[in-house]
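Q: structure, please.
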Amino acid sequence: MTVLPFAADDPSQIDAAFVAISRVRADALIVAPDPFFTGHARPFTDAATANRLPAIYSFTPFVEAGGLMCYGQNVYENNRRAADYLDRIFRGAKPSELPIERPTRLELIVNRRAAQAIGLILPNSILLRADRVID
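A: From the prediction side, this is the model:
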């Protein structure tokens, strides 16, 4: 397996990145966890679908925007935990004294419609393992 990096750090570069990905005939795509990418989930998922490229993402919003699958921490739960930290700080807790928390659970979310759109048949083992399947 060969891993090739492609960059996009503003919306205008997303299409160019997918042109380059298509040029090398990539078999799949892993989208790194990045706030910019998450904020532009729809262009990524649309481009992956248009290129019939199986893609895995790090956060749920990609799959909810039409992406194939994600495996990672629950971004919504992380935001709730961050709000709890802010509440504690606003009530007088010192940030340096708060414990560092890490996700204790990773989720696999699969979008069956996205799989059909790119002509991919998901094995039952993946569907059974998924924490959530979007139909």
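Q: contacts and neighbour counts: CA atoms only from here.
A: OK.
Q: the residue nearest to the spatial centre of the chain pairs with what?
A: Note on the chain: the residue nearest the mean C-alpha position is Y57, at 2.8 Å, using CA atoms, centre = their mean. On the basis of DSSP bridges, Y57 is bridged to C70.
Q: that one contacts Q73, correct?
A: No. Using CA atoms under 8 Å, Y57 is not in contact with Q73; the gap is 10.8 Å.
Q: distance check, R42 against L127.
A: Applying CA to CA, to the nearest Å, the value for R42 to L127 is 23 Å.
Q: local confidence estimate at R105?
A: Residue-level confidence at R105 comes out at 86, pLDDT.
Q: ugh, wrong one, N79
A: Note on N79: pLDDT of 87.
Q: that's a helix at it, yeah?
A: Yes. With DSSP: H, G, I helix; E, B strand; the rest coil as the criterion, N79 is assigned to a helix.
Q: check contacts around the spatially closest residue to G119 that is not a sequence neighbour.
A: Leaving aside its chain neighbours, G119 sits nearest to R52 (7.5 Å; criterion: CA to CA, 6 or more residues apart in numbering). Neighbour list for R52: 117-119 [criterion: CA atoms under 8 Å, 6 or more residues apart in numbering].
Q: by neighbours, which of those wins?
A: I118 (16 neighbours; other CA atoms under 10 Å).
Q: who are the contact partners of the residue nearest to the centre of the chain?
A: Contact criterion CA under 8 Å, 6+ apart gives 30-33, 63, 67, 69-71 as the residues in contact with Y57.
Q: lowest average confidence, helix or strand, in the chain?
A: helix 35-39 (a mean of 83; mean pLDDT, DSSP states H and E).
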